[in-house]
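> with the input below, show me the fold.
(chains A and B)
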Amino acid sequence: MIMATGQSLPGQRRWQRVLGTLMIWLTAAMVTLSVLTAGAFLGLLLWFAGSWLTAEGMASGGVLVRFWGNLQQLLFQPSASLGIEAMLPAIIGTVIMIILMTVIVAPLGVLVAVYLSEYAKNTWYTELLRIAIQNLAGVPSVIFGVFGLGFFVYAVGGEIDGWFYAETLPRPTFGTPGLLWASLTLALLTLPVVIVASEEGLARLPTSMREGSYALGATRFETIIRVLLPAAGSSVLTGVILAIARAAGEVAPLMLVGVVKYAPTLPVSLQAPFIAFEQKFMHLGFFIYDVAAHANVGEGRLGLICAAAVLLVGLVMLLNLTAVLLRKRLRDRYQALSEE
Amino acid sequence: MPYMQRDALIQASQFQSTAARTPPGLVVQQLSLSYPGNGSALVDINLDIPAGAVTAVIGPSGCGKSTLLRCFNRMNDTIEGCRYSGAIYVGDNNVLAAATDVTALRRRVGMVFQRPNPFAKSIYDNVAYGPRIGGIRRKRDLDEIVERALRDVALWDEVSDRLHTGALRLSLGQQQRLVLARTIAIEPEVLLLDEPASSLDPISTLKIEELIYELKHTYTIIIVTHNMQQAARVSDWTAFMNGGKLVEFDETDRIFTNPVERATEDYITGRYG
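Next comes the predicted model:
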């Protein structure tokens, strides 16, 4: 770490030293800035969230009290006069969708990563595939929405309706936007993240580990399932965490494939089949947009939006925290690989 | 080149099933091997490796000794474009034949690598990995196998109280003995050791060498080493290789005191390599 100590090696030129010092300061400045920004952002959100003055809020005064008042109102008692819906179904919808997406994207991403890292030979075709996957991460998310609508909803959903729901046909069952298609679309959107992270995790495992397994008479499949994937588990989970973070923030594609302003029933129930895959659902991100665009609340609008935003951020953090804890448990169990 | 009586060897190994546990000898015939774009790595190797003894393979870097070792359990198959011809008999099976079940072969011919390569699992799971793959499921059986294997490599007393902690937390020397235990746990007949002590400190090296000495009665052991003192200490037979060819093969004492070939003498006396 020449740069970090600011020491110079013999033969190091002056401009290299200057550049090194500059880099240290720049990095430090960036870190400070990002921490400050994050703090300020959260503070502002909380402040605004509380500044929508309810009657009780006004009386008690404190920011947090007012925030709680806002939340209570949003969660449980949206008045018809506000022109918005309750937030609880939107929270439930968001969580269900993200969980469903994770369940889809994790195995799929791992499968592709295993193929790329363990099975595919290094040809121009594999290279092309890698580039395509990486480019997928750069496609504007609303394009995924368009794709989901065209492919999942109309093509796949339409076919399913033709096969299994012919009797109700003019009225579509799966051939219309719904929870499953939204989850699939988001899974596709976040697939590159999971693939890249998992593949890197697998590639980092030393060849000697694979050979050790082969030398014990294991097949390639056994080696992957029992040695490599457990060892790369924390990388996979890192990918999943990033995927959740990305997915939780998306609204635009969802508006095309399943999210609505108001859904009369929840997509989950306590009776089998528990999840209504074909149902449209409500979503926090869309809820925020809806409040901003349509709520009939005048001055208090920003406070409402921010209360919902804080909730969304908190939700994402909670989901991420779960994954991070899971990853930590995995790391403790297997311990990070010793440095070569 | 002095030659063992190959037919006698093959015959002896054919009757191995009647003996309690006589490890097989290995017979290498006209083995040649090439890597893509790299020319020949092994040229026409003929070698009879005696059963139940330690055979050291020595030679300068890049002489093909590790490559030779990796032929015995078909480890070279994992390298793309690697081609070989000839035959290697373990017992009476030609393991280079296309019909060979490679996974079954590798359970007969175990291998320990240069750098310790424990899996990112617990100590217990590392040792139990081979048996589990072989279909052993009962916990009591596995417990027994794990304990026996760890005792065989003199690791049991050091780790018996933390069998379920990560294997990567062990010291390098312990890791290498763990890997040896992992290999022994599937009860192979032949042990291939690829410079097993090259990344270890002197004390760990000594332990490994003691182990080799103890294990040679139940296994046919082939050890590749850079360290000539080590070869002299642990082996009964020594093969000297140079440039992909087998230069000389004889009893270790003779190789180190009175080699036939000039190249061998030069290498052993440190004038070369």
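> list, one by one, the residues from chain B near chain A.
By the criterion of CB under 8 Å from any CB of the partner chain, the positions of chain B lying close to chain A are B:73, B:75, B:78, B:80, B:103-107, B:110-111, B:113, B:115, B:117-122, B:129-130, B:133-134, B:166, B:168-169, B:179, B:182-183, B:186. For the C-beta atoms, the positions are set from N, CA and C on the backbone; glycine is no exception.
> of those residues, buried ones?
Neighbour-count burial (16 or more other CB atoms under 10 Å in any protein chain shown) applied to those gives B:73, B:75, B:103, B:105-107, B:110-111, B:113, B:115, B:117-122, B:129-130, B:133-134, B:166, B:168, B:179, B:182-183, B:186.
> burial of the closest residue to residue A:120 other than its chain neighbours, as a residue count?
Nearest residue to residue A:120 in three dimensions, chain neighbours excluded: residue A:126, at 4.4 Å (CB to CB, 6 or more residues apart in numbering or on different chains). Residues near residue A:126, counting by other CB atoms under 10 Å in any protein chain shown, number 14.
> helices - which of the residues of chain B next to chain A land there?
With helices identified by DSSP state H, the entries of those that belong to them are B:103-107, B:129-130, B:133, B:179, B:182-183.
> farthest pair within these?
For these, the maximum inter-member distance is 20.8 Å, found between B:104 and B:179 (CB to CB).
> list the buried residues of the host helix or strand of the residue nearest to residue A:120.
Residue A:126 is part of helix A:124-136, with elements assigned from DSSP states H and E. Using 16+ other CB under 10 Å as the test for burial, helix A:124-136 gives A:129, A:133, A:136.
> run through who's touching that helix.
Contacts of helix A:124-136 with the rest of the structure, by CB atoms under 8 Å, 6 or more residues apart in numbering or on different chains, involve A:112, A:116, A:120, A:191-192, A:195-196.
> I'd like the residues you listed as a markdown table, with neighbour count appended.
As requested, the contacts of helix A:124-136 are arranged in a markdown table below (neighbours: other CB atoms under 10 Å in any protein chain shown):
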| residue | neighbour count |
| --- | --- |
| A:112 | 20 |
| A:116 | 19 |
| A:120 | 15 |
| A:191 | 20 |
| A:192 | 23 |
| A:195 | 29 |
| A:196 | 21 |
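> pick the one among those residues closest to chain B.
Compare each of the contacts of helix A:124-136 with chain B using CB to the nearest CB and the shortest gap goes to residue A:120, at 12.0 Å.
> and the spatially most central residue of chain B, its phi and psi?
Closest to where the C-alpha atoms of chain B average out (CA atoms, centre = their mean) is residue B:192, at 0.9 Å. Summarising the backbone geometry of residue B:192 under the convention degrees, to the nearest 10, its torsions are phi -100, psi 120.
> that one reaches residue B:73, doesn't it?
Yes. Contact status for residue B:192 versus residue B:73: in contact at 6.2 Å, counting by CB atoms under 8 Å.
> find the residues that touch each one of the two.
What both residue B:192 and residue B:73 touch, as defined by CB under 8 Å, 6+ apart, is the set B:109-111.
> extract the C-alpha trace of stretch A:270-277 and format it as CSV.
Output for stretch A:270-277, consisting of C-alpha atoms alone and laid out as CSV, is shown next (Å, rounded to 0.1, in the frame of the first residue of the first chain):
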residue,chain,number,x,y,z
LEU,A,270,-54.6,-18.3,4.3
GLN,A,271,-56.4,-20.9,2.2
ALA,A,272,-54.7,-23.0,-0.5
PRO,A,273,-53.2,-22.2,-2.9
PHE,A,274,-52.1,-19.3,-0.6
ILE,A,275,-50.7,-17.2,-3.4
ALA,A,276,-52.9,-15.9,-6.3
PHE,A,277,-50.3,-15.8,-9.0
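> contact partners of it?
Contact with stretch A:270-277 is made by A:96, A:100, A:174, A:178-180, A:265, A:267-269, as judged by CB under 8 Å, 6+ apart.
> burial count for the closest residue to residue B:59 other than its chain neighbours?
On the basis of CB to CB, 6+ apart, the spatially nearest residue to residue B:59 that is not a chain neighbour turns out to be residue B:241, at 3.8 Å. One way to gauge burial is a neighbour count; for residue B:241, by other CB under 10 Å, it gives 25.
> for residue B:117, list the residues it contacts.
With CB under 8 Å, 6+ apart as the criterion, the residues that contact residue B:117 are A:206, A:208-209, A:211-212, B:179.
> okay, and which of those residues map to helices?
Secondary structure defined by DSSP H assigns A:208-209, A:211-212, B:179 of the contacts of residue B:117 to helices.
> shaky segments in the chain?
I'll assume chain A. Within chain A, the ranges that satisfy pLDDT under 70 run A:1-12, A:48-67, A:69-85, A:271-272, A:295-301, A:332-340.
> please refer instead to chain B.
Across chain B, residues meeting the criterion (pLDDT under 70) sit at B:1-21, B:272-273.
> which stretches of it form strands?
Using DSSP state E, the strands found in chain B span residues B:26-35, B:39-49, B:54-58, B:83-90, B:93-94, B:109-112, B:190-194, B:220-224, B:237-242, B:245-251.
> for the third one, name the packing helices and strands.
When contacts are defined as 3 or more CB pairs under 8 Å, 6 or more residues apart in numbering or on different chains; DSSP states H and E, strand B:54-58 sits against helix B:65-72, strand B:220-224, helix B:228-234, strand B:237-242.
> the longest one to strand B:220-224, inter-axis angle?
Right, helix B:65-72. Calculated by axes from the mean of the first three to the mean of the last three CA atoms, to 10 degrees, helix B:65-72 forms an angle of 150 degrees with strand B:220-224.
> right, I'll leave it there.
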